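Trainee: Take a look and give me a structure for this.
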Amino acid sequence: MSEQVSAIGRLRQWGAVWSTKALDMVLPPLCMGCGDLVTTHGGVCAACWRGLTFIEPPVCPVMGTPLEPGVPAGTLSAAAIAAPPPFARLRGACDYDATARRLVTALKYNDRLETATMMAQLMVRASADCIDNSDVVMPVPLHWRRLISRRFNQSAELSRAISKQTGLPHLATVLKRSRATKQQVGLKASERALNVTGAFTVPEHLRHEIAGRRVLLVDDVFTTGATVTAAARALKRFGADEVNIAVFARVLDEF
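Mentor: Numbering: from 1, shown residues only. As a prediction, the model looks like this:
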């Protein structure tokens, strides 16, 4: 009997291997950044990997912006001092440069959902202290009209992947966007902040999910911070004890 079970197991393994090879022949794995052939689906080529500018310590303990080497531990950035945010800490994996922008575009607009796994791995690496200080993870939500037109929420794909990689419970539908907002692209910082003011809520019947808990809020890109700031304020207003932010890429030249 054990030999039969072992034989069946080997057949399943061979079947999986040949199924993967057949899939690769029909849909060859392509770099998420430039479209060149790579060895595995959902990866990037060596050139695109070198094109990513990773954010490395030392960073501001609150805003996660890079600091000059050798600064004392705990040194805050000017932005964190001038306007303390409603979230405890924010971390980004890389600068929002040309390569990072292509990866975000592949996920967000080109339906390359397999990109989310690799992006989430980089976010987990960069956001270890956020993850250690969080009880649950959730995405920045889309308004239901935009979700219908786009068919999926890229931030939810990232938060789902982070949940799988870290074991944090995934609360995909607790935070809601209560009103439709304009696209943030092209708006000035003040316009972005006004655009999302009061745009987020947590329905009363779901508030127990975050009451007294530390939330890891996930988004794809941090530009001025207007969206995650408004979302963090809503989460704390409706019972969250603390909010941490994890993003894949962030604009650094504004900080």
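Trainee: give me the low-pLDDT residue ranges for the stretch 51-200 of the chain?
Mentor: For the stretch 51-200 of the chain, the stretches with pLDDT under 70 are 180-195.
Trainee: where exactly do the helices run in it?
Mentor: With DSSP state H, counting those that start in this stretch as the criterion, the stretch 51-200 of the chain has helices at 78-82, 98-108, 115-126, 128-132, 144-150, 154-166, 189-196.
Trainee: got those helices as TSV, with mean neighbour count and distance to Ala240 columns?
Mentor: C-beta here means a position set from N, CA and C on the backbone, and glycine is covered the same way. Shown next, in TSV, are the helices of the stretch 51-200 of the chain (neighbours: other Cβ atoms under 10 Å; distance: least, Cβ to Cβ, whole Å):
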stretch	mean neighbour count	distance to Ala240
helix 78-82	13	20
helix 98-108	20	26
helix 115-126	21	20
helix 128-132	16	14
helix 144-150	11	22
helix 154-166	22	15
helix 189-196	16	18
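Trainee: Of those helices, which is nearest Ala230?
Mentor: helix 189-196 (4.2 Å; Cβ to Cβ).
Trainee: just how off-centre is the helix or strand following that closest one within its chain?
Mentor: Counting by DSSP states H and E, the element after helix 189-196 in chain order, helix or strand, is strand 200-201. With Cα atoms, centre = their mean, to the nearest Å as the basis, strand 200-201 stands 19 Å off its chain's centre.
Trainee: Paired strands for the next helix or strand after strand 200-201, with orientation please.
Mentor: Note on strand 200-201: by DSSP H and E, the next helix or strand toward the C-terminus is strand 214-222. Neighbouring strands of strand 214-222 in its sheet, by DSSP bridges, are strand 136-139 (parallel), strand 242-250 (parallel).
Trainee: Distance to Asp219 added to the helices of the stretch 51-200 of the chain, as CSV?
Mentor: CSV is the format used below for these (distance: least, Cβ to Cβ, whole Å):
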stretch, distance to Asp219
helix 78-82, 17
helix 98-108, 11
helix 115-126, 10
helix 128-132, 12
helix 144-150, 14
helix 154-166, 5
helix 189-196, 12
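Trainee: closest to Gly212 out of those?
Mentor: Closest approach to Gly212 among the helices of the stretch 51-200 of the chain is made by helix 128-132 (17.7 Å; Cβ to Cβ).
Trainee: Report all helices and strands that that closest one contacts.
Mentor: Applying 3 or more Cβ pairs under 8 Å, 6 or more residues apart in numbering; DSSP states H and E, one finds that helix 128-132 contacts strand 89-95, strand 242-250.
Trainee: Quick one: residues in contact with it.
Mentor: Helix 128-132 is touched from outside by 89-91, 124, 162, 166, 168, 216, 244-246, with contacts defined as Cβ atoms under 8 Å, 6 or more residues apart in numbering.
Trainee: run the last query once more with 10 Å
Mentor: Outside helix 128-132, the residues within contact range by Cβ atoms under 10 Å, 6 or more residues apart in numbering are 61, 64, 87-91, 123-124, 137, 162, 165-168, 214, 216-218, 243-246.
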